[in-house]
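A.B. asks: what's the 3D shape of this:
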Amino acid sequence: MTAELRSTFEGSTMVLTIHNPEHRNALGPEMYAAGVEALNAAESNPDVRCVVIAGEGDIFCAGGNLQRLQANRQKPPEVQAQSIEELHTWIEAIRAFPKPVVAAVEGPAAGAGFSLALACDLIVAARNAVFVMAYSSVGLSPDGGGSWSLSRALPRQLVTELLMLGERIGAQRLHELGVVGRLCDAGQALGTALDWAARLGARAPNVLTSIKELINEASANDLPTQLALEREHFVKNLHHANGGIGIAAFLSRQTPRYE
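C.D. replies: Down below sits the predicted model:
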């Protein structure tokens, strides 16, 4: 069965489903380009307000395909470097995508699958979901931005434990640490993510784009730079049509319908 990234729509939400059941939804180069292409299409489509990334069935993603990685050891290093570069292009595309991206995690999110979830703006996870960076268990080091994302979200000592020892961490613990935003029963991650996406889709898309940019820039900016960026976005959004719609709706106690 061919590994693929399937794209479907639920209202104003694009759902990208990792489909590779033979290898526990492992990722591969055929998915990376499809992921970037899907985000490009969603960015230019005003009817798409949010993207959800999920895995087929009861597994989010087992990370890389170890059989493929073993085969790549017999090829020039440039082959694997190119594959990782394609994965990283997808990760960067998710971070730069101007609309919210929600991960819907069922079961294991391992290796690059964990990195993929961390690249998303929000994470919904089933209570029995398990996250693991098991690279060191097979003599490898992280990719997919996992070390970057975890180092910004968790204490250094915990990140060291997760990466060096390949320790598993449950959805409940990550929820307590603020990494997982919503917990749900097993089998309900996609539905919960879609509900969350619908709530996001009801808000002004230009404002969500501004907020995502502000969050992305905050860690690298000093306070004066971030304040200037906030001023720029605030003024732009005030004079956007949605600013008038939102304020008028609030003053008249009505539900706004944003453009």
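
A.B. asks: contacts and neighbour counts: CA atoms only from here.
C.D. replies: Fine.

A.B. asks: what's next to the helix or strand of the chain with the lowest mean pLDDT, contact-wise?
C.D. replies: Ranked by mean pLDDT, DSSP states H and E, the helix or strand of the chain with the weakest confidence is helix 66-72, at a mean of 91. Outside helix 66-72, the residues that touch it by C-alpha atoms under 8 Å, 6 or more residues apart in numbering are 79-80.

A.B. asks: show me what secondary structure element comes after that helix.
C.D. replies: Using DSSP states H and E, the next helix or strand after helix 66-72 towards the C-terminus is helix 77-96.

A.B. asks: in that following helix, what counts as buried?
C.D. replies: 80, 83-91, 93-95 (16 or more other C-alpha atoms under 10 Å).

A.B. asks: packing partners for that helix?
C.D. replies: In this structure, helix 77-96 packs against helix 29-44, helix 66-72, helix 112-119, with contacts taken as 3 or more C-alpha pairs under 8 Å, 6 or more residues apart in numbering; DSSP states H and E.

A.B. asks: pick out the shakiest of those helices, pLDDT-wise.
C.D. replies: Note on the helices and strands packed on helix 77-96: helix 66-72 shows the lowest mean pLDDT, a mean of 91.

A.B. asks: using CSV, write down the CA coordinates of that helix.
C.D. replies: The C-alpha trace of helix 66-72 is given here as CSV (Å, rounded to 0.1, in the frame of the first residue of the first chain):
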residue,chain,number,x,y,z
LEU,A,66,13.9,2.5,9.7
GLN,A,67,14.1,0.1,6.7
ARG,A,68,14.5,3.1,4.4
LEU,A,69,17.1,4.6,6.7
GLN,A,70,19.0,1.4,6.8
ALA,A,71,19.0,1.2,3.0
ASN,A,72,20.1,4.9,2.8
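
A.B. asks: buried stuff in it?
C.D. replies: Applying 16+ other C-alpha under 10 Å to helix 66-72 flags no residue as buried.

A.B. asks: how far out from the middle of the chain is that helix?
C.D. replies: A distance of 25 Å separates the C-alpha centroid of helix 66-72 from that of its chain, computed with C-alpha atoms, centre = their mean, to the nearest Å.

A.B. asks: and what of stretch 74-85?
C.D. replies: 24 Å.

A.B. asks: ok, the residue nearest to the spatial centre of the chain - contacts?
C.D. replies: Note on the chain: the residue nearest the mean C-alpha position is residue 120, at 1.8 Å, using C-alpha atoms, centre = their mean. Counting by C-alpha under 8 Å, 6+ apart, residue 120 touches 94-95, 100-103.

A.B. asks: any low-confidence regions in the stretch 101-250 of the chain?
C.D. replies: Across the stretch 101-250 of the chain, nothing is flagged by pLDDT under 70.

A.B. asks: show me where it has its helices.
C.D. replies: Ranges of helices in the stretch 101-250 of the chain, per DSSP state H, counting those that start in this stretch, are 112-119, 146-153, 156-164, 171-176, 189-201, 205-218, 223-238, 241-251.

A.B. asks: mean neighbour count and distance to residue 19 for the ones you listed - can I get that in JSON lines?
C.D. replies: As requested, these are exported to JSON lines (neighbours: other C-alpha atoms under 10 Å; distance: least, C-alpha to C-alpha, whole Å):
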{"stretch": "helix 112-119", "mean neighbour count": "26", "distance to residue 19": "13"}
{"stretch": "helix 146-153", "mean neighbour count": "16", "distance to residue 19": "22"}
{"stretch": "helix 156-164", "mean neighbour count": "16", "distance to residue 19": "26"}
{"stretch": "helix 171-176", "mean neighbour count": "18", "distance to residue 19": "22"}
{"stretch": "helix 189-201", "mean neighbour count": "20", "distance to residue 19": "14"}
{"stretch": "helix 205-218", "mean neighbour count": "17", "distance to residue 19": "28"}
{"stretch": "helix 223-238", "mean neighbour count": "14", "distance to residue 19": "38"}
{"stretch": "helix 241-251", "mean neighbour count": "15", "distance to residue 19": "37"}
